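Peer 1: Next come a sequence and a model predicted from it.
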Amino acid sequence: MKRFWSWAAIIFGGLYFLLPLIGTIEFSLRMRRGEYTLDAYRSVLNDAAFRQTFSYSVIMALATIVLGVLIVVPTAYWVRLRLPRLRPVIEFITLLPLVIPAIVVVFGYIRLYNTSSILPLTGTASGTNLLLLFGYATLALPYMYRAVDTGLSTLDVRSLTEAAQSLGAGWVRIIGRLILPNVLGAVMSGAFLSFAIVIGEFTMAALLNRPAFGPYMQLLGANRAYEPAALAVIAFAVTWGCMGIMQLISRLFGVRRTAK
């Protein structure tokens, strides 16, 4: 009986996720009345705005992952090693992006960094891109920090650090050559979530007027019928493909380290 309910839960969960996807795919093929065609997909793929916005969001997602790793891994490591009493405070701070709406954060950016402020980042495209990158890193912070902290909980951080220091390793080498490789799986978990968040994010990109994929999806959905469904399928496939490549890279890195 337990096996029956287990399989029933798996089947129900699979149908819950697959049926909307199947329906979206089926609808995206009905651009011509009475037959299935790929016209909607051709229309999307031939649109220069699709290629521009998607490539922009992919670059921003990768930059967000790098920035998140540079901030979170040393912070989580140092808290585990030297400041264990501050863990509840740090965890509370990292959870704030889940409570504070993105629209509040981006309006704060606009107010603080507008063209009349001391640091007018919104006055240039590169400055606005930098603000958006910081905003994305903030949105991804809860997921990246929890993933890395969970990975660090499986390590004896103090013993590893003392052993490395006894061999003459400095802090940068300890983090880069010892801690990071041992929590790479946790980092990749946080990276997957960060990537998915950035690809579909709308509020910050729209209010900062950047050519991101989220606003493009909204604009296309407001003016077309079949193309948005095709765009959703393409975005789903490409996003999972990019995350699969990231997972493959992390596995190859782990195999090489094991071989050494």
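Peer 2: Happy to help now that I have it.
Peer 1: Every contact and neighbour count from this point should use C-alpha atoms.
Peer 2: Fine.
Peer 1: three-state assignment of residue 116?
Peer 2: coil (DSSP: H, G, I helix; E, B strand; the rest coil).
Peer 1: where's it relative to residue 106, distance?
Peer 2: Distance of residue 116 to residue 106, given as CA to CA, to the nearest Å: 17 Å.
Peer 1: Which one of these two is surrounded by more residues?
Peer 2: Neighbour tally, residue 116 and residue 106, criterion other CA atoms under 10 Å: the higher count belongs to residue 106, 20 against 12.
Peer 1: which element is that one on?
Peer 2: Secondary-structure assignment from DSSP states H and E places residue 106 in helix 102-112.
Peer 1: Contacts for that helix next, please.
Peer 2: Under the criterion CA atoms under 8 Å, 6 or more residues apart in numbering, residues 119, 122, 131, 135, 139, 203, 204, 207, 208 lie in contact with helix 102-112.
Peer 1: Would you confirm that the second one contacts residue 116?
Peer 2: No: when contacts are counted by CA atoms under 8 Å, residue 122 is not listed as touching residue 116 (9.7 Å).
Peer 1: For the residue lying closest to residue 183 once chain neighbours are set aside, what are phi and psi?
Peer 2: Excluding its sequence neighbours, the residue lying closest to residue 183 (CA to CA, 6 or more residues apart in numbering) is residue 151, at 5.3 Å. Dihedral pair for residue 151: phi -60, psi -40, per degrees, to the nearest 10.
Peer 1: ok, now the one 3 residues further on?
Peer 2: Main-chain torsions, residue 154, degrees, to the nearest 10: phi -90, psi 0.
Peer 1: Around it, count how many other residues there are.
Peer 2: By the measure other CA under 10 Å, the count of residues near residue 154 is 10.
Peer 1: Next, the contact list for it, please.
Peer 2: Residues near residue 154 by CA under 8 Å, 6+ apart: none.
Peer 1: And for the one 3 residues further on?
Peer 2: The neighbourhood of residue 157, defined by CA under 8 Å, 6+ apart, consists of 77, 80, 81.
Peer 1: Check these for burial and list the buried ones.
Peer 2: When the contacts of residue 157 are checked for burial by 16 or more other CA atoms under 10 Å, the buried set is 77, 80.
Peer 1: Just name the closest of the contacts of residue 157 to residue 197, please.
Peer 2: Among these, residue 77 lies closest to residue 197 (CA to CA), at 24.4 Å.
Peer 1: Against residue 118, how distant is that closest one?
Peer 2: Residue 77 sits 34 Å away from residue 118, going by CA to CA.
Peer 1: which stretches of the stretch 51-200 of the chain have low pLDDT?
Peer 2: Within the stretch 51-200 of the chain, not a single segment meets pLDDT under 70.
Peer 1: Let me see the ranges of the helices in it.
Peer 2: With DSSP state H, counting those that start in this stretch as the criterion, the stretch 51-200 of the chain has helices at 87-99, 102-112, 125-152, 157-166, 171-173, 180-182, 184-200.
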